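Student: Next input, structure requested:
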Amino acid sequence: MELEPWRKCWRIGFVPQMSERQLTALRVALEMDSPELVQGHTAIPICDGTAACEGACAVGYACWRGDGLVSTFQVYQRFAEVCFEADRLIADPAGCRWFLQWFDDTPREEVRRDLLGEIDAELARRPA
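Tutor: I've put the predicted structure just below:
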């Protein structure tokens with residue numbers, strides 16, 4: 001059975017780049033349905049980038065909370081780096097879109113359920 005495009009993108013492009021701390025931060029946000037985890041935006045507030053970050057998408061959130069970033073500029077910068085590397089790992093110049101579009105366009109409860117399952121499986125695979 002072939003993986004859904006978003007799962008393939010997540011597993012091949014994003015997960016290898018994420019630390020346990022990043023995955024755990026994202027896991028907690030998903031489990032708690034944190035309002036800081038936003039769909040449809042990379043990071044908020046949308047401004048000149050110097051403002052303190054108040055929320056982010058799954059990838060941005062993992063970097064923001066997992067790495068202790070502060071400003072929206074830092075989150076956008078790290079998001080771009082991670083997406084660029086995901087595209088390289090997937091061997092598709094815009095491959096990260098499969099996960100990002102799924103995250104933004106899928107109902108929140110489904111995103112929470114499915115992404116929690118992916119994170120739990122990955123954390124279980126990693127050595128203690």
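Student: elements contacting the worst-scoring helix or strand of the chain on mean pLDDT?
Tutor: With mean pLDDT, DSSP states H and E as the measure, the helix or strand of the chain carrying the lowest mean pLDDT is strand 43-44 (a mean of 94). In terms of contacts (3 or more C-beta pairs under 8 Å, 6 or more residues apart in numbering; DSSP states H and E), strand 43-44 is packed against strand 55-56, helix 72-90. C-betas here are computed from N, CA, C, even on glycine.
Student: Let me know how buried residue 12 is, in neighbour terms.
Tutor: 17 (other C-beta atoms under 10 Å).
Student: Compute the distance between it and residue 116, please.
Tutor: For residue 12, the distance to residue 116 equals 19 Å [C-beta to C-beta, to the nearest Å].
Student: thinking residue 36 is in contact with residue 57, fair?
Tutor: No: with contact defined as C-beta atoms under 8 Å, residue 36 does not reach residue 57; the gap is 10.6 Å.
Student: more neighbours, these two?
Tutor: residue 57 (23 against 14).
Student: isn't the more buried one right up against residue 39?
Tutor: Yes: here residue 57 reaches residue 39: they are 6.9 Å apart, a contact under C-beta under 8 Å.
Student: which residues do these two both contact?
Tutor: Common contact partners of residue 57 and residue 39 (C-beta atoms under 8 Å, 6 or more residues apart in numbering): 103, 104.
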